[in-house]
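K.L.:
The following block contains a protein sequence and its predicted model.
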Amino acid sequence: MDPTVAVVGPGAIGTTVAAALHEVGRTPRICGRTARERLELRVGEDRVVVPGPVRIDPARAAGAVDLVFLAVKSTQIETAAPWLTGLCGADTVVCVLQNGVEQVSMVAPHLSGARVIPSVVWFPAQARSDGSVWLRGQARLTLPDAPASRVALEALRGTRCSVDLAMDFTSVAWRKLLQNAVAGLMVLTGRRSGMFARADIAELSLAYLRECLEVARAEGAVLSDDVPREIVDGFRSYPADMGTSILADREAGRPLEWDTRNGVVSRRGRAHGIPTPISDLVVPLLAAAGDGPG
Ligand SMILES: NC(=O)C1=CN([C@@H]2O[C@H](COP(=O)(O)OP(=O)(O)OC[C@H]3O[C@@H](n4cnc5c(N)ncnc54)[C@H](OP(=O)(O)O)[C@@H]3O)[C@@H](O)[C@H]2O)C=CC1
Ligand SMILES: CC(C)(CO)C(=O)C(=O)O
């Protein structure tokens with residue numbers, strides 16, 4: 001029997017996963033903050049409509065499910081916690097669909113009994129002004145190779161969202177964190193991937209990434225010296241208008257995930273006695289950008 005699934009946080013990532021499940025007949029319970037009748041995903045010329053309604057009252061969560069995909073921003077975990085209370089039983093697995101390397105330590109305190117697994121979300125998805133979500137890449141997740149991950153693997157089997165399991169999840173998660181950290185520079189320039197075509201931005205990005213790499217290695221990640229160059233080359237190969245979710249938040253005047261995507265590098269660097277001069281400049285600027293406007 002298919003596992004019962006809920007998606008908490010039906011934004012860019014939550015809508016993509018909900019649509020992937022719905023397409024194969026495993027329509028999840030959708031739990032959000034804003035009432036809506038349906039979700040809509042656009043992929044190329046295709047359109048997937050996921051029937052709602054989006055539930056907005058955690059007191060009406062309607063009981064425990066086997067699997068919760070938690071796809072709120074890391075800044076929204078606290079306010080989304082009542083959903084976890086309503087949806088989790090002793091056997092529930094919560095799969096966190098967020099950026100960052102601190103997913104488990106941030107979500108676990110809100111669970112009593114349920115197991116939590118982190119993920120790496122590789123695909124770009126963008127909310128559009130008509131309320132739909134535009135999936136701009138191949139939907140793909142990496143999960144740790146652990147027993148609890150099998151529930152998510154099973155739920156997404158045969159869907160458009162592929163899942164792979166990593167023996168060394170720490171290294172994979174830090175590699176993605178490096179990509180997210182440098183994407184934060186887009187918030188400081190107000191530009192998209194096109195800015196990485198500039199030689200000076202590429203040089204700055206490489207220096208920042210090398211600093212992040214040192215911290216990642218101190219945290220146990222096994223990553224080669226080539227990673228900074230690969231990440232910069234990746235941004236240079238994207239369409240010039242490809243953004244990042246933290247830039248979308250900045251443009252919409254929403255709180256920023258600066259601490260989990262960038263602050264973590266200076267925090268962990270400090271703990272290991274590693275100097276992080278570029279982070280020390282970037283992080284307060286990002287934090288201040290999220291506070292504005294006055
Ligand atoms: N977008 C992307 O391309 C990628 C994003 N990520 C990461 O995935 C995570 C999710 O990002 P993304 O999907 O872009 O974010 P969005 O802002 O698009 O989605 C967040 C969703 O959570 C909802 N929400 C907020 N508070 C609550 C609450 N208390 N209870 C229930 N729902 C709530 C929001 O509702 P409302 O509609 O009311 O705001 C929104 O629907 C982030 O950590 C991000 O860094 C990772 C890879 C790629
Ligand atoms: C687009 C992507 C995958 C890389 O920057 C991302 O993680 C984000 O937008 O937050």
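P.N.:
Happy to help now that I have it. Ligands and ions are numbered 1, 2, ... in the order given.

K.L.:
helix/strand/coil for the closest residue in space to residue 177 that isn't next to it in sequence?
P.N.:
Leaving out its chain neighbours, the residue that sits closest to residue 177 by CB to CB, 6 or more residues apart in numbering is residue 101, at 5.2 Å. For the C-beta atoms, the positions are set from N, CA and C on the backbone; glycine is no exception. Of the three states, residue 101 takes coil under DSSP: H, G, I helix; E, B strand; the rest coil.

K.L.:
what do you get for residue 49?
P.N.:
strand.

K.L.:
what sits against it?
P.N.:
Applying CB atoms under 8 Å, 6 or more residues apart in numbering to residue 49 gives the contacts 38, 39, 40.

K.L.:
same thing but 7 Å
P.N.:
38, 40 (CB atoms under 7 Å, 6 or more residues apart in numbering).

K.L.:
Repeat that for residue 281.
P.N.:
Counting by CB under 7 Å, 6+ apart, residue 281 has no contacts.

K.L.:
what ranges do the helices span in this protein?
P.N.:
Using DSSP state H, the helices of the chain run over residues 12-23, 77-87, 103-107, 149-155, 169-183, 185-189, 199-218, 227-237, 245-251, 258, 264-272, 277-291.

K.L.:
just to revisit the earlier point, and the pLDDT for the residue nearest to residue 177?
P.N.:
Residue 101 carries a pLDDT value of 98.

K.L.:
Nearest the geometric middle of this protein, what residue?
P.N.:
residue 98 (2.7 Å; CA atoms, centre = their mean).

K.L.:
Can you check what pLDDT the model gives the nearest residue to that residue once chain neighbours are set aside?
P.N.:
Computed as CB to CB, 6+ apart, the closest residue to residue 98 that is not its neighbour in sequence is residue 74, at 5.3 Å. We have a pLDDT of 98 for residue 74.

K.L.:
mind listing what the closest residue to ligand 1 within the chain touches?
P.N.:
Distances between the chain and ligand 1 by CB to the nearest ligand atom are smallest at residue 11, namely 1.7 Å. By CB under 7 Å, 6+ apart, the contact set of residue 11 is 71, 127.

K.L.:
The residue nearest to residue 177 and ligand 2: what is the separation?
P.N.:
13 Å (CB to the nearest ligand atom, to the nearest Å).

K.L.:
how deep is that residue tucked in, by neighbour count?
P.N.:
Neighbour count for residue 101, taken as other CB atoms under 10 Å: 23.
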